[in-house]
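Novice: Sequence first, predicted model second:
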2 protein chains.
Amino acid sequence: MNAEIIAIGSELLLGQITNTNAQFLSKELAGIGINVYYHTVVGDNSDRLREVIHNAKQRSNLIIFTGGLGPTKDDLTKETIAAAVGRSLIIDNDALLNIEAYFKRRNRVMSKNNCKQALVIEGSHVLANEQGMAPGMAFNEDGIYFLLLPGPPKEMKPMFMTYGLPFLFSKLDKTAQITSRVLNFYGIGESQLETELLDLIEAQSNPTIAPLAKDGEVTIRLTVKHESRSEGLNLLDQLEKRILERVGMFFYGYDDTTLSKEVARILNEQKLTLAAAESITGGLFSSELTINPGTSAIFKGGIICYSNEAKQALLHVPKEIIEEFGAVSGECAKYLAENVKELLNAQVGISFTGVAGPTQIEDKEIGTVYIAISKAGEETCIYPLKLAGTREQIQARSVKYGLYYLLKQFS
Amino acid sequence: MNAEIIAIGSELLLGQITNTNAQFLSKELAGIGINVYYHTVVGDNSDRLREVIHNAKQRSNLIIFTGGLGPTKDDLTKETIAAAVGRSLIIDNDALLNIEAYFKRRNRVMSKNNCKQALVIEGSHVLANEQGMAPGMAFNEDGIYFLLLPGPPKEMKPMFMTYGLPFLFSKLDKTAQITSRVLNFYGIGESQLETELLDLIEAQSNPTIAPLAKDGEVTIRLTVKHESRSEGLNLLDQLEKRILERVGMFFYGYDDTTLSKEVARILNEQKLTLAAAESITGGLFSSELTINPGTSAIFKGGIICYSNEAKQALLHVPKEIIEEFGAVSGECAKYLAENVKELLNAQVGISFTGVAGPTQIEDKEIGTVYIAISKAGEETCIYPLKLAGTREQIQARSVKYGLYYLLKQFS
């Protein structure tokens, strides 16, 4: 089944909101093996919507519409679709009762234009809206499935999951299914990763291999079509093994995980506590870690030593070290990591010092960064980096490298 | 000029990322009076991209493409467009030098497939990529403008703002011009703001008033059409005055400013230095502040006192205070703000303590937050808050409230 998702709403074309519905639906459809080939956004205009429906009918056998089912004058999705397939609109009694109940619950008077929301396309399977008023619809015309869903994500998502997905699943050929697995990498660029895996990518058919660069990280999505799940997982395992033999040193986790989640998991497993001294990253490392719930078990806290005064007074970096090597130095990073660990009574200390720009510090180039990791009873490791990018990118990449080094050192 | 935005990338159709580029571009195009009638997303497939280009040429006279300009095999945007308009691809020397420099800066070896990124469509105006490698392109064929931009928003946005927008503006009818001004508000919801300004919004024609909610803030974009710039500015001034008479207490700045930029500006003006003690926000406040260059003049640093141990040992909150009132209390916030100020030798101290969830602390409800601001020689102010949302939203909103209170207290 080849699908197209059509969102209707001028607010999307004015850039007032993002089309998150298309992302949500695409992910769910991929999960049941339906290929989405197009997303389209069109405004509240029946001529242009008619043309978009015409194009979609030529190329897709599942067309999902979101938006334009509301009570106002510019909501014209179902009218335009009904005309395009030559059906009429009729009042759906259950939908009308639901709308009346909706107003009653809120003690509000129901204005007459709300009745319009109970109109549905004749002969369609009506999908109840448990979070709002406008019902959804599903029907088949000339071998093409049409699915109409409301625009607000709070109404669309539960309606699709409760009624839309089971409807589609019942129409699919059940013998072929799809399973995906995402591998996450850090410390390697997209083009280098592709070069390392070129023969595998070129030979791919089933499973398929799709690399994607995102926020300085690279992911690879492996997708397999199979008849039995165990056969699919087996094929994914084999391919994953071949990939990790080559680039396993950059791999850090599966699917929706993040570097900071993996660090929290590893430290938890090893029963280690962490403290951070942040100069160049200004608190970003600690905030990345504390986004995850339950961090208090492994994170003692940190010191943002943005000024040299703070490095000396709070973190006891000797004045001579700063005078001889500078605050942006491996030597300073070492003191910061060791002393923040002691001060916060943690087992591991990590520190970040460097130049994020836009101006140089101590004649050191923008992008010069030192990360140090100290653990009780072990030699402190110092990692020098040269990073490129804007101030914000250099800060963000420093944090990711810090997380990556923690993972490499403790997992 | 009627525009269409075409995003190319299978990762969009798989639902791995959202098409935020289309939103960004739509908003900017609306700002200069260009109507966007369609958004389309298509995968990395030259047959389907060719068909999408064919449709776009029938109905639009500006087609903007994002994505598919990278080095890998599935990047085929410029090849397919070049074929569709009958032009060839040639190496652009500046782009090639930029790519080589990009690898040199990172001390990485340039793999051969990266040369492909320096290929541009013959006769096009090449747009430099200052944040990455793939250059953009702009050209006119048969009265239709084509604009090719990279997919990653971090590369696309600055390229469009620096080179794309001026290119389009130079092609527009110059007699009618457009000027916009954005007013930024915090501490008031979108619907309340709209209610306060309802008569102005309903009566609008020129200038227009467009409210927009974003990340817990609300902005109002005023847009005026005019023949002379002074006439336009005059109309904007008049409307702004009427708006600020009603909701001026929530206004914090113009256009692209942020709460943290305004705080840095005010503290600089007043020659005040700041230190932060962060419990619930875990470093996010400090990182928001240090994203801005030049923060070192006003920000001494901070302490992330994530554990009660750190609150007592580092920030000297008396044990009795935590036992009697809890770590999540106005009393604890007061000690944290006062003591972090002393410890870091700053004139102003700010502190954040609270419950971000997902579990309660000390029987206090999720969303309970205390912010304290201490200034030498003045009574410490304590701000209690009840915030709604996910863990991440509660953390982010706490930071914004902290910045907002600093602004209100010192400007």
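Specialist: Noted; the coordinates are in hand.
Novice: For the stretch 201-350 of chain A, what lies in contact range of chain B?
Specialist: Within the stretch 201-350 of chain A, the positions near chain B by CB under 8 Å from any CB of the partner chain are A:201-202, A:210-214, A:219, A:221, A:276, A:278, A:281-287, A:289-291, A:293, A:295-296, A:299-307, A:309-310, A:313-314, A:343-345. For every residue, glycine as well, the C-beta is placed using N, CA and C.
Novice: switch to 6 Å and redo it
Specialist: A:212, A:282-284, A:286-287, A:290-291, A:293, A:299-307, A:310, A:344 (CB under 6 Å from any CB of the partner chain).
Novice: ChimeraX command to pick out the buried ones of those?
Specialist: Selection command for ChimeraX covering only the buried members of these, criterion 16 or more other CB atoms under 10 Å in any protein chain shown:
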select /A:212,282,283,284,286,287,290,291,299,300,301,302,303,304,305,306,307,310,344
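Novice: Spatially central residue for chain A, please.
Specialist: Geometric centre of chain A, nearest residue: A:D256, 7.6 Å, by CA atoms, centre = their mean.
Novice: Look up phi and psi at that one.
Specialist: phi -90, psi 10 (degrees, to the nearest 10).
Novice: can you check the one 4 residues further on too?
Specialist: For A:S260, the backbone dihedrals are phi -70, psi -30 (criterion: degrees, to the nearest 10).
Novice: can you map out the strands along the stretch 101-250 of chain A?
Specialist: Ranges of strands in the stretch 101-250 of chain A, per DSSP state E, counting those that start in this stretch, are A:119-121, A:125-127, A:136-141, A:144-149, A:177-185, A:208-214, A:217-226.
Novice: got those strands as JSON lines, with mean pLDDT and distance to B:S46 columns?
Specialist: Shown next, in JSON lines, are the strands of the stretch 101-250 of chain A (pLDDT from 0 to 100; distance: least, CB to CB, whole Å):
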{"stretch": "strand A:119-121", "mean pLDDT": "96", "distance to B:S46": "36"}
{"stretch": "strand A:125-127", "mean pLDDT": "96", "distance to B:S46": "37"}
{"stretch": "strand A:136-141", "mean pLDDT": "96", "distance to B:S46": "31"}
{"stretch": "strand A:144-149", "mean pLDDT": "97", "distance to B:S46": "25"}
{"stretch": "strand A:177-185", "mean pLDDT": "85", "distance to B:S46": "24"}
{"stretch": "strand A:208-214", "mean pLDDT": "79", "distance to B:S46": "17"}
{"stretch": "strand A:217-226", "mean pLDDT": "86", "distance to B:S46": "21"}
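Novice: could you dump the ones you listed to a markdown table with distance to A:M156?
Specialist: Below are these laid out as a markdown table (distance: least, CB to CB, whole Å):
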| stretch | distance to A:M156 |
| --- | --- |
| strand A:119-121 | 17 |
| strand A:125-127 | 10 |
| strand A:136-141 | 8 |
| strand A:144-149 | 5 |
| strand A:177-185 | 23 |
| strand A:208-214 | 25 |
| strand A:217-226 | 25 |
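Novice: what residue ranges in the stretch 101-250 of chain A are flagged as low confidence?
Specialist: Counting by pLDDT under 70, the stretch 101-250 of chain A contains low-confidence ranges at A:173-176.
Novice: What ranges does it have for its helices?
Specialist: For the stretch 101-250 of chain A, the helices defined by DSSP state H, counting those that start in this stretch occupy A:153-159, A:165-171, A:190-196, A:198-203, A:229-247.
Novice: Identify whichever of the ones you listed lies nearest to B:L96.
Specialist: B:L96 sits nearest to helix A:190-196 of all these, at 15.1 Å, using CB to CB.
Novice: Does that closest one reach chain B?
Specialist: Yes: interface with chain B: helix A:190-196 contributes A:S191, A:E194, A:T195 (CB under 6 Å from any CB).
Novice: re the thing from before, now the helices of the stretch 101-250 of chain A in a markdown table, with mean neighbour count?
Specialist: A markdown table is the format used below for these (neighbours: other CB atoms under 10 Å in any protein chain shown):
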| stretch | mean neighbour count |
| --- | --- |
| helix A:153-159 | 18 |
| helix A:165-171 | 14 |
| helix A:190-196 | 20 |
| helix A:198-203 | 12 |
| helix A:229-247 | 14 |
